[in-house]
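Participant: Pasted the sequence and its predicted model underneath.
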Amino acid sequence: MDRAERFSNNILGHTPNGILVVNEDLEVQQVNIAAMKMLHIQREGDVLGEPLVRVMDPLPFLAALEGKLG
């Protein structure tokens, strides 16, 4: 578990791609620096635990949860 966490944190910290992780309730759980730049977020703490709708359109995420993407 610890190794997997370190691996995912390494990816989040070094990828040039914006990554935003949400839970089933569409609350922001993690956001990397690239996503913060893309979404004009100044501090990670500004969005952690907040509803995704405060940052971006949640409809694609809802479609993914419902299995309607593809």
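Facilitator: Good, I have the coordinates. Residues are numbered from 1 along each chain as shown.

Participant: average model confidence for the lengthiest helix in the chain?
Facilitator: Ranked by number of residues, the top helix in the chain under DSSP state H is helix 2-14. For helix 2-14, the mean pLDDT works out to 84.

Participant: list the buried ones in it?
Facilitator: Neighbour-count burial for helix 2-14 flags Leu12 (criterion: 16 or more other CB atoms under 10 Å). Quick note: C-beta positions are derived from backbone N, CA and C, even for glycine.

Participant: The helix or strand harbouring Leu62 packs against which elements?
Facilitator: Leu62 belongs to helix 59-65 when assigned by DSSP states H and E. For helix 59-65, there is no helix or strand it packs on, judged by 3 or more CB pairs under 8 Å, 6 or more residues apart in numbering; DSSP states H and E.

Participant: For it, C-alpha coordinates in PDB please.
Facilitator: Taking Å, rounded to 0.1, in the frame of the first residue of the first chain, the C-alpha atoms of helix 59-65 are listed here in PDB:
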ATOM      1  CA  LEU A  59     -20.900  16.300 -16.200                       C
ATOM      2  CA  PRO A  60     -18.100  14.200 -17.800                       C
ATOM      3  CA  PHE A  61     -17.300  12.800 -14.300                       C
ATOM      4  CA  LEU A  62     -20.900  12.000 -13.700                       C
ATOM      5  CA  ALA A  63     -21.100  10.200 -17.100                       C
ATOM      6  CA  ALA A  64     -18.000   8.200 -16.200                       C
ATOM      7  CA  LEU A  65     -19.500   7.200 -12.900                       C
END
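
Participant: what about that helix, average pLDDT?
Facilitator: Taken as a whole, helix 59-65 has an average pLDDT of 88.

Participant: Pro16 and Ala34 touch, don't they?
Facilitator: Yes - Pro16 is in contact with Ala34 according to CB atoms under 8 Å; the separation is 5.7 Å.

Participant: Perfect, that will be all.
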